[in-house]
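# Sharing a model prediction with you, sequence too.
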Amino acid sequence: MREIISNSTVYELILVPVLIATLIIQLYYYLGIYLKVALHKNIGEDLPTPCIPISVVICARDEEANLESFLPYVLEQDYPDFEVIVVNDCSSDNSSYTLDRMLKKYPNLRVTTIKQDEKFTHNKKLALTVGIKAAKNEWLVLTDADCRPDSSKWLASMATNFSENSEVVLGYGGFFEERGFLNRIIRFDGLFIAMQYLGFALIGRPYIGVGRNLAYKKDLFFRNKGFASHAHIHSGDDDLFINAVAKRTNTKVEFRIDSHTRTTPRNSYNKWEIQKRRHITTSSRYRLSTKIILGGEILSRIFFFGSAIALIAMLYYPWIVASSILLRWIVQLSIIKGVMNRLSERKILLLSLFYDFYSLFFYARLSLLNVINPRKASWR
């Protein structure tokens with residue numbers, strides 16, 4: 001007599017292997033990649049005194065208050081040879097007066113102004129290209145007008161990675177800690193993204209950097225025709241460019257405490273959503289290998305929790321399901337805590353459990369909105 005297998009048994013035979021397989025994949029991301037960020041050691045805490053000349057490039061549009069507050073931290077870096085180029089891009093506020101005043105005080109400050117032209121509109125990439133062309137040094141360090149270095153040793157820390165073999169240095173750019181849940185979710189989102197791109201760079205698979213804290217050679221920029229391949233896209237001055245030029249052999253990471261920068265996060269959910277929608281417009285243009293890397297984590301997380309929930313609902317193997325979830329959470333929290341310590345972040349550890357689910361819906365929703373209701377892109 002032929003044995004009939006019930007539908008529930010079929011589900012059981014499918015869901016248990018899916019749960020175990022996706023758990024293994026998730027543990028690979030955490031133990032094989034993200035753990036490297038927590039354990040990575042730079043060249044020691046006592047910085048040598050590098051003497052490689054540096055050009056810091058900052059683009060600013062209507063950033064009067066931020067230039068007043070943060071630019072002195074850049075101009076007063078403890079570094080022997082550097083210039084700071086600020087591209088004042090069509091500002092309608094008093095940025096020019098602020099910069100004129102600083103020019104009298106700081107001999108290492110240079111200002112390039114782009115005037116408004118009603119017949120011609122442009123994005124940040126043009127301003128950044130103008131700044132790079134104006135730079136007199138080979139090594140460029142990029143940050144934003146709303147960013148502040150955490151230390152006077154910021155440039156010195158980044159410069160320890162400058163060598164004949166390196167062309168790209170990826171730094172960490174976090175957000176200022178403020179009160180409120182929105183601030184915590186923005187900071188954790190930034191931490192998780194950094195954990196990914198720094199971790200993959202450490203295993204020789206660099207794919208993006210962030211413009212808040214990034215360095216590369218001027219020759220690399222022009223040898224690859226700058227932003228020509230994606231000049232029409234408002235985003236991508238950092239991630240698309242790095243995705244195209246960063247390789248195992250030419251990329252280094254730097255995230256000791258002195259090398260961090262901080263930026264002011266968006267103060268409303270709507271503003272943050274608009275910013276994130278602009279950022280994710282570039283992901284479709286990443287290399288196929290990058291899409292597989294990022295998609296593998298997301299899909300394995302979806303199938304892990306999906307199979308776990310299904311098995312719980314059918315009351316199958318509760319100990320296996322509970323043990324799998326508990327193991328992942330223990331590994332996850334332990335490694336994220338280590339990464340937080342390395343990147344000087346606080347009070348966002350438990351948010352990772354919420355972020356597991358929230359980020360899936362958040363990014364899926366933003367991607368859908370970009371398809372059905374694309375927004376006019378902003379300057380940055």
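Structure's in. What do you need?

# pLDDT below threshold where in the stretch 201-350 of the chain?
Under the criterion of pLDDT under 70, none of the stretch 201-350 of the chain is flagged as low confidence.

# Tell me where it has helices.
Listed in chain order, the helices of the stretch 201-350 of the chain (DSSP state H, counting those that start in this stretch) span residues 218-223, 239-245, 269-280, 288-313, 318-342.

# Now tabulate those helices in a markdown table and tack on distance to L140 and mean neighbour count.
Using the backbone N, CA and C atoms, a C-beta is placed for each residue, glycine as well. Formatted as a markdown table, the helices of the stretch 201-350 of the chain follow (distance: least, C-beta to C-beta, whole Å; neighbours: other C-beta atoms under 10 Å):
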| stretch | distance to L140 | mean neighbour count |
| --- | --- | --- |
| helix 218-223 | 6 | 15 |
| helix 239-245 | 12 | 21 |
| helix 269-280 | 22 | 15 |
| helix 288-313 | 23 | 16 |
| helix 318-342 | 25 | 16 |
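
# With N66 as the reference, name the closest of these.
Nearest to N66 among the helices of the stretch 201-350 of the chain is helix 269-280 (15.2 Å), distances taken as C-beta to C-beta.

# send the alpha carbons of the closest one over as PDB?
Presented in PDB, the C-alpha positions along helix 269-280 are these (Å, rounded to 0.1, in the frame of the first residue of the first chain):
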ATOM      1  CA  TYR A 269      11.100  61.100   9.200                       C
ATOM      2  CA  ASN A 270       9.900  62.700   6.000                       C
ATOM      3  CA  LYS A 271      13.300  64.300   5.300                       C
ATOM      4  CA  TRP A 272      15.100  61.100   6.100                       C
ATOM      5  CA  GLU A 273      12.800  59.100   3.800                       C
ATOM      6  CA  ILE A 274      13.500  61.600   1.000                       C
ATOM      7  CA  GLN A 275      17.200  61.300   1.600                       C
ATOM      8  CA  LYS A 276      17.100  57.400   1.600                       C
ATOM      9  CA  ARG A 277      15.000  57.300  -1.500                       C
ATOM     10  CA  ARG A 278      17.600  59.400  -3.300                       C
ATOM     11  CA  HIS A 279      20.400  57.100  -2.000                       C
ATOM     12  CA  ILE A 280      18.800  53.800  -3.200                       C
END
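
# For S91, which of the helices of the stretch 201-350 of the chain is the nearest?
Taking C-beta to C-beta as the measure, the helices of the stretch 201-350 of the chain were each checked against S91, and helix 269-280 came out nearest at 19.5 Å.

# Can you list the helices and strands that that closest one packs against?
Contact partners of helix 269-280 among helices and strands, from 3 or more C-beta pairs under 8 Å, 6 or more residues apart in numbering; DSSP states H and E: helix 181-202, helix 351-372.

# okay, these, which one's buried deepest?
When these are scored by mean count of other C-beta atoms under 10 Å, the highest mean neighbour count falls to helix 181-202 (a mean of 21).

# then that one to CSV, C-alphas only?
The C-alpha coordinates for helix 181-202 follow below in CSV (Å, rounded to 0.1, in the frame of the first residue of the first chain):
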residue,chain,number,x,y,z
PHE,A,181,13.8,57.2,18.3
LEU,A,182,14.4,58.7,14.9
ASN,A,183,18.0,59.5,15.8
ARG,A,184,18.6,56.0,17.0
ILE,A,185,17.2,54.3,13.9
ILE,A,186,19.2,56.7,11.6
ARG,A,187,22.4,55.9,13.6
PHE,A,188,21.8,52.2,13.5
ASP,A,189,21.0,52.2,9.8
GLY,A,190,24.3,54.0,9.2
LEU,A,191,26.1,51.6,11.5
PHE,A,192,24.7,48.5,9.7
ILE,A,193,25.6,50.0,6.2
ALA,A,194,29.1,50.7,7.5
MET,A,195,29.4,47.2,9.0
GLN,A,196,28.6,45.8,5.5
TYR,A,197,30.9,48.0,3.3
LEU,A,198,33.8,48.0,5.8
GLY,A,199,33.5,44.2,6.4
PHE,A,200,33.4,43.3,2.7
ALA,A,201,36.4,45.6,2.0
LEU,A,202,38.3,43.8,4.7
